[in-house]
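S.K.: Next input, structure requested:
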Amino acid sequence: MSSSNSVAADRLGGDHSNLWDCIDRDNVHGLNLAVPEDAKEVIKPWDKREDTEKFAESNVDVDDQVIIHVPFSQNVRLRSVLLKLGTQPNIYHCFSVPIFPFIGRGETAPNHLQIFANHPNIVDFSEAETAKAQLDISLLQGESNVVEYPLRVAAFASINSVSLFFSESVGGNTSRIYYIGFKGDVLQLKKDKDPQMDVPAANAADAPIFDRLQDKASGQQTTAR
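M.R.: Purely as a prediction, here's the structure:
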């Protein structure tokens, strides 16, 4: 990767909006994985995003569909999901010498993603067929690096967990995921109301800490929320 590309990649997810610290990694789990414990392996810090030694892969004896459930340690507002999916180099040979004109989409990359928000338990495959997803998209093809997929913030305004349903592998048999990350805002935890104070606003608990501090700094009078 060139230095300019490296700088661009660092800006993509290596800033304060990366929610790595808010993921409850111990309780990440998946369905239809060859190794169930591997669901946790794709939840990596930003500086490990290009690691390809650890990944989650679908059970080849079943099909290419995978669901990975990601709970958060506190409510967050999601703005985008970051993905590195199964890819492999397209190798060409010229006079018996291998050359790499480009890195293409491998046969283990899923082609479709649905995201279900705030399910107390992991969405199962039968439920995924009938439930309405907050996000339903085709994934970009020909990408070997981390890709950022923007989310409709109104649909992900106060999130405690997401279930990611990957399907339609390019190769048809196996889906492989190397990295899952998120960008967004941490929401202020709602405190118990003091009976001596005013009744809190209905949506005050959803205000990011930054917004609360900004209001305070501007001299606006606030009540306990």
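S.K.: C-terminal to the lowest-mean-pLDDT helix or strand in the chain, what's the next element?
M.R.: Within the chain, no helix or strand scores below strand 97-105, which has a mean of 42 by mean pLDDT, DSSP states H and E. Next helix or strand after strand 97-105 toward the C-terminus (DSSP states H and E): strand 112-117.
S.K.: Now do S73 against T108, distance only.
M.R.: According to Cβ to Cβ, to the nearest Å, S73 stands 31 Å off from T108. All C-beta spots, glycine's among them, are computed from the backbone N, C-alpha and C.
S.K.: More neighbours: the two, which one.
M.R.: Remark: of S73 and T108, T108 carries more neighbours, 22 against 15, as counted by other Cβ atoms under 10 Å.
S.K.: didn't the more buried one look like it was pressed against G86?
M.R.: Yes: taking contacts as Cβ atoms under 8 Å, T108 lies within contact range of G86: 3.1 Å.
S.K.: shared neighbours of these two, anything?
M.R.: Contact criterion Cβ atoms under 8 Å, 6 or more residues apart in numbering; residues shared by T108 and G86: E57, S169, T174, S175, R176.
S.K.: what sits against the fourth one?
M.R.: When contacts are counted by Cβ under 8 Å, 6+ apart, S175 is found next to E57, S58, D64, Q65, V66, G86, T108, A109, P110, F166, S167, S169.
S.K.: Now the third one: closest residue in space that isn't a chain neighbour?
M.R.: Okay, so that is D64. Closest residue to D64 apart from its sequence neighbours, by Cβ to Cβ, 6 or more residues apart in numbering: S169 at 3.7 Å.
S.K.: how many other residues sit next to the one you found?
M.R.: Other residues lying near S169 total 24 when counted by other Cβ under 10 Å.
S.K.: Equivalent analysis for L19, please.
M.R.: For L19, using other Cβ under 10 Å, the count is 25.
S.K.: Then L33?
M.R.: Count around L33 with other Cβ under 10 Å applied: 21.
S.K.: Settle this for me: it is touching I67, isn't it.
M.R.: No: look at L33 against I67 with Cβ under 8 Å: they stay out of range, at 9.0 Å.
S.K.: Just the buried residues of the strand ranked longest in the chain, please?
M.R.: Scanning the chain for the strand with the most residues, using DSSP state E, yields strand 66-85. Using 16 or more other Cβ atoms under 10 Å as the test for burial, strand 66-85 gives 66-72, 75-85.
S.K.: between that strand and strand 112-117, how many degrees?
M.R.: Angle, strand 66-85 to strand 112-117, by axes from the mean of the first three to the mean of the last three Cα atoms, to 10 degrees: 120 degrees.
S.K.: Any idea what P71 is bridged to?
M.R.: Applying DSSP bridges to P71 yields these beta-bridge partners: S161.
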